[in-house]
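Novice: what follows is a predicted structure for the sequence shown.
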Amino acid sequence: MSRRPRIAVRHLSKTFRDGGREVVAVRDVSFEIVDQEFVAVVGPSGCGKSTILNMIGGLATPSSGVVEVDGRAVAGVPPGVGYVFQKDTVFPWRTVARNIALGLEYRGVRGEAQRRRVQEAIRLAGLDGFEDAFPATLSGGMRQRVALMRTLVVEPEILLMDEPFGALDTHTKLNLHAELLALWEARHQTVVFVTHDLSEAITLADRIVVMSRRPGRIKLVYDVQLPRPRDVIALRETAEYARQYSEVWHVLGQEFGPEGASAAPSGTSPSGGAGGAGARTRSIEP
Amino acid sequence: MSVVAWRVVILIVLLGAWEGLTRVKAVSRTPGLYWLDPFFISRPSAILERFVYLNSDQVRLTLWEMALSTVQSTLWGFVVGVSTGFVAGLVLGRNERLARVFEPFIVAFNSLPRIALVPLITMIFGFGLVAKIVLAWTIVFFIVFFNTFQGARSVDADLIHSARFLGAGERQVMTTVIVPSALAWTFASLTPSISFALIGVVVGEFLGGESGGGLGYLIIQSLGTLNAADMMVAMISLGLIGIVMALGIRQLEARLLRWRPEHRTRR
C-alpha cells in the first residue's frame, strides 16, 4: 500500500541564538509522513521535537532544509492544518460553545449550520451541559477537550499536536487517549503527535520517530505493530505492547538523564545505572 | 456588631462631634471662640440647611443643575478619553515601530502636569463644556492608553497562533483575540479614569465654570463669599457623584469580564 505523502521534512536544521552562543536545536532531520498516518515524535525535553512541529506548522522557519506540506514548502500557517498546543489556548472570555465555534466563525459558517456542528462536537467530547460555561470553571482535562474539539470541528486533514495531554493526570490522559483514537478512527487525519511519554506514543501511533538529546537528530524510526482499533487500557497488559515498549525504550532510554544513565521512567530502581543496558531488564511501565 | 452597624456608629460619632464641637464655646480667655471654628469648617446642621436652600427655587442655578453639569462634562471627557486612549493603545501596542517613534512624545506630554494646561485650554476653548471635556481628556487618554498598550503587547502569542490555525485573518485576530485580551487591561484603568475625569472637570470649572455652572464653580464662588457651608455641600455632592460613577463602572466590568474567575466568586 503506498499512500501519498502529506508532510515531508528534508535535512531540516534549526539553530537558535542564545546570547552570543549558537544552540543547535535540530540537526539534519528528514522524514516523510503519508496520508492518514499517525506518527509520534518522542524524545527527551529540549530535543527539538516541538521545534520540528512548529516548523511544520509554519510558526518557526528552518535554519536550513525544507518542510513541505502537500508538496508545497511551508511559509506561514498552512491551510487545512490543525494545531493543538500543550498550553491552554482556550479563549477564557468565550464560553465552551463559542470557543468551539471559533473556526466556523472565521470561515463564515453561521446560524443553524454553525449551531449544529458545534452541538455535534460538544456531544462527541462529552461536554453536554457545559456549553455556556466559561473555561475558568472547567478542569484542565475538559479545557483540553475543548481545544481538541475546537480544532477538529473545522475538519483539518492534518493534525499537529504538541504534547497536548502533557499537563494532565494519568487517568484523564488515558480517557483522552481513548477519545482521540475514537475520533481518529472516524476520520483518519494525518497526525504528528509530539510527546516525551513513550507509552503514550505506542498507544496512539502507527510509527514512532525517536529523537536524540540536543542537538536533536533521529535515532530510530519504529513501526508500532499493534492492531487497531486499540483499547488503551487492555493494550497495556498485552505482551506485544511490553515487547515493543522495551524495544523502543532500549534506544530512547539512553537519551534520558545525564550521560545516558537513564533515570527516566517511574517505577524503575535507580540501581544499575548502565543506561541502555539496564533498560533491557527493566520492568515495563504500567 | 455587623460591619454596617460599626460604620453607622462611626458616622454618627463624627457628625455629632463636628456639630457639638462647633457649638460649644472653648473655656478660654478669648471670648467667642469655639472648640472648632464653624467659620472654617461649618457644621452639619448648617450644611444641611444650605443643601436645602441651594436646591430651592430661590437660587439662579440649583445644586441639582450644577451637579448635572459636572456629571455631563465628566462623562463626556471619560467617553472621549477612553475611546481615543483605547484605539491609540491598540494601534501602538501592536505596532512596535510606531510605538518606538511615538514613545518620547507620549512620555513628554504625559509628564507635563495637566493643571498647567488649564489656562491655555481655556484660552483656546473658552469657558464652556468643550474646555472641560478637553481637560478631562488630556488625563483620561493617557491612563487608558498606557493600560491598553500594555494589554495589547502582552497578548499570549499562542492564542494568536491558535486563531490563525483555526483560519483567522488579520482582522479576525484583532477582533477575536487582541481586543478581548486587551480589554481586561483597559478595564483596570476605568475606575481611576473616571476619578481623574472628575478632577479634570472640577479644575476646569474653577476657572471657567460660570457659563455652565458646575460644582467646581460653586466651590470657587463660595471662596469669594467665604462660605464654608457651600463648599462642604459641593464637596459632599462631588463625593456622591464619584461613588455612583465608580459603582456604575464596577457593574459594567462585572458584566463584561464575567469570564474571569474573580468576578465569578464575588457574586
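Specialist: Alright, I've got the coordinates. Numbering: from 1, shown residues only, chains lettered A, B, ... in the order given.
Novice: drop to CA atoms for contacts and neighbour counts, all remaining ones
Specialist: Fine.
Novice: what's the closest non-adjacent residue to whichever residue of the stretch 1-150 of chain A sits closest to chain B?
Specialist: Nearest residue of the stretch 1-150 of chain A to chain B (C-alpha to the nearest C-alpha) works out as A:Gly103 at 4.7 Å. Distances taken as C-alpha to C-alpha, 6 or more residues apart in numbering or on different chains put B:Leu166 closest to A:Gly103, at 4.7 Å, once the chain neighbours are dropped.
Novice: return the residues in contact with the residue of the stretch 1-150 of chain A closest to chain B.
Specialist: A:150-151, A:153-154, B:163, B:166-168 (C-alpha atoms under 8 Å, 6 or more residues apart in numbering or on different chains).
Novice: below-threshold pLDDT in chain A: ranges please.
Specialist: A:1, A:257-286 (pLDDT under 70).
Novice: for it, what spans make up the strands?
Specialist: Taking DSSP state E as the test, the strands found in chain A are A:5-18, A:21-34, A:38-42, A:64-69, A:72-73, A:81-84, A:158-162, A:190-195, A:207-211, A:218-223.
Novice: circling back: now the residue of the stretch 1-150 of chain A closest to chain B: how far from B:Val134?
Specialist: 43 Å (C-alpha to C-alpha, to the nearest Å).
Novice: would you tell me which helix is longest in chain B?
Specialist: helix B:63-93 (DSSP state H).
Novice: after it, next one along is what?
Specialist: Following helix B:63-93 in sequence order, the next helix or strand is helix B:96-111 (DSSP states H and E).
Novice: show the average pLDDT along the very next helix or strand once past that following helix.
Specialist: Downstream of helix B:96-111, the next assigned helix or strand under DSSP H and E is helix B:118-125. Helix B:118-125 shows a mean pLDDT of 89.
Novice: in contact with whichever residue of the stretch 151-286 of chain A sits closest to chain B: list those residues for me.
Specialist: Closest residue of the stretch 151-286 of chain A to chain B, C-alpha to the nearest C-alpha: A:Thr151 (6.7 Å). Contacts for A:Thr151 (C-alpha under 8 Å, 6+ apart) come out as A:82-84, A:100, A:103, B:166.
Novice: just read off the phi/psi values of the residue in the stretch 151-267 of chain B positioned nearest to chain A.
Specialist: Residue of the stretch 151-267 of chain B nearest chain A, by C-alpha to the nearest C-alpha: B:Leu166 (4.7 Å). The phi/psi pair for B:Leu166 (degrees, to the nearest 10) reads phi -80, psi 0.
Novice: now do the one 10 residues further on
Specialist: The phi and psi torsions at B:Thr176 (degrees, to the nearest 10) take the values phi -100, psi -20.
Novice: just want the most central residue of the chain.
Specialist: Going with chain A. Centroid-nearest residue in chain A: A:Phe193, 2.1 Å away (criterion: C-alpha atoms, centre = their mean).
Novice: sorry, I should have been clearer: chain B.
Specialist: Short answer for chain B (C-alpha atoms, centre = their mean): B:Ser195, at 1.9 Å.
Novice: what's the closest non-adjacent residue to that one?
Specialist: Here the residue nearest B:Ser195, using C-alpha to C-alpha, 6+ apart, is B:Gly242, at 6.6 Å.
Novice: now do the end-to-end distance for stretch A:184-193.
Specialist: With C-alpha to C-alpha, one end of stretch A:184-193 sits 12 Å from the other.
Novice: tell me the confidence at the residue nearest to the centre of chain B?
Specialist: 94.
Novice: that one reaches B:Ile243, doesn't it?
Specialist: No: with contacts counted by C-alpha atoms under 8 Å, B:Ser195 stays clear of B:Ile243, the gap being 9.3 Å.
Novice: quick one: the top helix by length along chain A to strand A:190-195, angle?
Specialist: Taking DSSP H as the criterion, chain A has its longest helix at helix A:170-187. Using axes from the mean of the first three to the mean of the last three C-alpha atoms, to 10 degrees, one finds that helix A:170-187 and strand A:190-195 are set 170 degrees apart in direction.
Novice: now do the buried residues in helix A:170-187.
Specialist: A:173-174, A:176-184 (16 or more other C-alpha atoms under 10 Å in any protein chain shown).
Novice: on that earlier part again, my read is that the residue nearest to B:Ser195 contacts B:Ser193, right?
Specialist: No: contact criterion C-alpha under 8 Å: B:Gly242 and B:Ser193 do not qualify, at 11.1 Å.
Novice: more neighbours, those two?
Specialist: Set side by side, B:Gly242 and B:Ser193 show more neighbours around B:Ser193, with 26 against 18, by other C-alpha atoms under 10 Å in any protein chain shown.
Novice: now do the contacts for the more buried one.
Specialist: By C-alpha under 8 Å, 6+ apart, the contact list for B:Ser193 reads B:78, B:82, B:139-140, B:143-144.
Novice: who wins on neighbours among these?
Specialist: Among the contacts of B:Ser193, B:Val140 has the most neighbours (other C-alpha under 10 Å), with 30 neighbours.
Novice: which helix or which strand is home to that one?
Specialist: Here B:Val140 is assigned to helix B:129-153, by DSSP H and E.
Novice: does the nearest residue to B:Met245 once chain neighbours are set aside sit in a helix or strand, and which one?
Specialist: The shortest distance from B:Met245 to any non-neighbouring residue, by C-alpha to C-alpha, 6+ apart, is to B:Ile194 (7.2 Å). Element membership of B:Ile194, judged by DSSP H and E, is helix B:190-208.
Novice: any idea which of the contacts of A:Thr151 is closest to B:Leu238?
Specialist: A:Ile100 (47.2 Å; C-alpha to C-alpha).
Novice: A:Arg207: neighbour count?
Specialist: Neighbours of A:Arg207 (other C-alpha under 10 Å): 20.
Novice: again, but for the one 3 residues further on
Specialist: Number of residues near A:Val210 (other C-alpha under 10 Å) recorded here: 26.
Novice: would you mark the buried spots in stretch A:65-75?
Specialist: So, applying 16+ other C-alpha under 10 Å, buried residues of stretch A:65-75: A:65-70, A:73-75.
Novice: in the residues you listed, find the pair that's most separated.
Specialist: Comparing all pairs in these by C-alpha to C-alpha, the longest separation belongs to A:Gly65 and A:Asp70, at 16.4 Å.
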